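Colleague: give me coordinates for this.
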Amino acid sequence: MTYIHPNRIVVTGPESTGKTAAVMHIASAFGVQYSLEFARTYLERLERKYTYEDLVPIARGQAAWIDTASLEASKRGDQWVVADTDLLTIYLWSLIKFGKVDSYVVETLDRQRADFYLLMYPDIPWEPDPLREDPGTRKAIFKRYLKEIKKRNIPHKIIRGTGRERTLSVEKAMMEILH
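Modeller: Here you go, the predicted structure:
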């Protein structure tokens with residue numbers, strides 16, 4: 001059997017901007033294969049505060065989940081797969097939190113390049129969560145995402161709005177991407 005390499009749409013952005021809800025909506029509404037955020041699963045099982053050394057296992061897990069979703073999409077003959085974050089998140093978080101990035105993260109981010117980003121703007125209310133760290137920096141972090149995506153010359157769409165408006169923005173972006 002010959003496998004196609006499906007294009008990767010990555011939903012990304014600062015904490016608490018509706019990434020997972022957008023991915024689940026896209027998967028349901030458009031019938032595409034998806035991968036969730038590995039970091040959440042990893043950190044929920046961790047019985048201590050995470051460290052720099054945890055970022056490579058998180059990156060490896062995220063890369064594996066995206067590869068698995070891509071393989072499943074390929075088996076189905078799908079042209080697209082959607083991911084709830086990718087290694088860009090780990091790359092930026094590593095720089096922001098620790099001031100450095102492991103070479104594995106850099107190399108895998110380049111290898112597993114997104115074909116399109118849906119960048120979530122932080123205009124929805126912060127939802128507290130034990131794994132989230134800083135509601136006051138979301139706009140600054142958004143700017144870092146946007147700068148990095150532009151630097152890498154990856155097509156993107158900024159998703160704004162609250163409630164139904166945000167969902168419609170996601171749907172409109174997906175219609176533009178898929179057609």
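Colleague: restricting to C-alpha, output stretch 142-158 in CSV.
Modeller: Extracted as CSV, the C-alpha positions of stretch 142-158 are listed here (Å, rounded to 0.1, in the frame of the first residue of the first chain):
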residue,chain,number,x,y,z
PHE,A,142,0.9,35.5,20.7
LYS,A,143,3.3,38.1,19.1
ARG,A,144,6.2,35.6,19.4
TYR,A,145,4.1,32.9,17.7
LEU,A,146,3.2,35.3,14.9
LYS,A,147,6.8,36.4,14.5
GLU,A,148,8.1,32.9,14.4
ILE,A,149,5.5,31.7,11.9
LYS,A,150,6.2,34.6,9.6
LYS,A,151,10.0,34.0,9.9
ARG,A,152,9.4,30.4,8.8
ASN,A,153,7.2,31.7,6.0
ILE,A,154,4.4,29.3,6.8
PRO,A,155,0.8,30.2,5.7
HIS,A,156,-1.4,31.1,8.6
LYS,A,157,-4.7,32.6,9.6
ILE,A,158,-5.3,34.4,12.9
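Colleague: give the rounded mean pLDDT of it.
Modeller: Averaging pLDDT along stretch 142-158 gives 97.
Colleague: what's the spacing between it and its chain's center?
Modeller: In terms of Cα atoms, centre = their mean, to the nearest Å, the centre of stretch 142-158 is set 12 Å apart from its chain centre.
Colleague: and stretch 53-70, by the same measure?
Modeller: For stretch 53-70, the distance to the chain centre is 12 Å (Cα atoms, centre = their mean).
Colleague: now stretch 52-66
Modeller: 13 Å.
Colleague: end-to-end on stretch 153-160?
Modeller: 21 Å (Cα to Cα, to the nearest Å).
Colleague: residues in contact with it: which ones?
Modeller: 13, 18, 22, 113-121, 123, 146, 149-150, 166, 169-170, 173, 176-177 (Cβ atoms under 8 Å, 6 or more residues apart in numbering). For glycine as for every other residue, the C-beta is placed from the backbone atoms N, C-alpha and C.
Colleague: now, which of those lie within helices?
Modeller: 22, 146, 149-150, 166, 169-170, 173, 176-177 (DSSP state H).
Colleague: ranking these by neighbours, who comes first?
Modeller: A22 (25 neighbours; other Cβ atoms under 10 Å).
Colleague: now the ones in helices among the contacts of stretch 153-160 as JSON lines including distance to H156?
Modeller: Formatted as JSON lines, the ones in helices among the contacts of stretch 153-160 follow (distance: Cβ to Cβ, whole Å):
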{"residue": "A22", "distance to H156": "14"}
{"residue": "L146", "distance to H156": "8"}
{"residue": "I149", "distance to H156": "5"}
{"residue": "K150", "distance to H156": "8"}
{"residue": "R166", "distance to H156": "16"}
{"residue": "S169", "distance to H156": "13"}
{"residue": "V170", "distance to H156": "13"}
{"residue": "A173", "distance to H156": "9"}
{"residue": "E176", "distance to H156": "12"}
{"residue": "I177", "distance to H156": "10"}
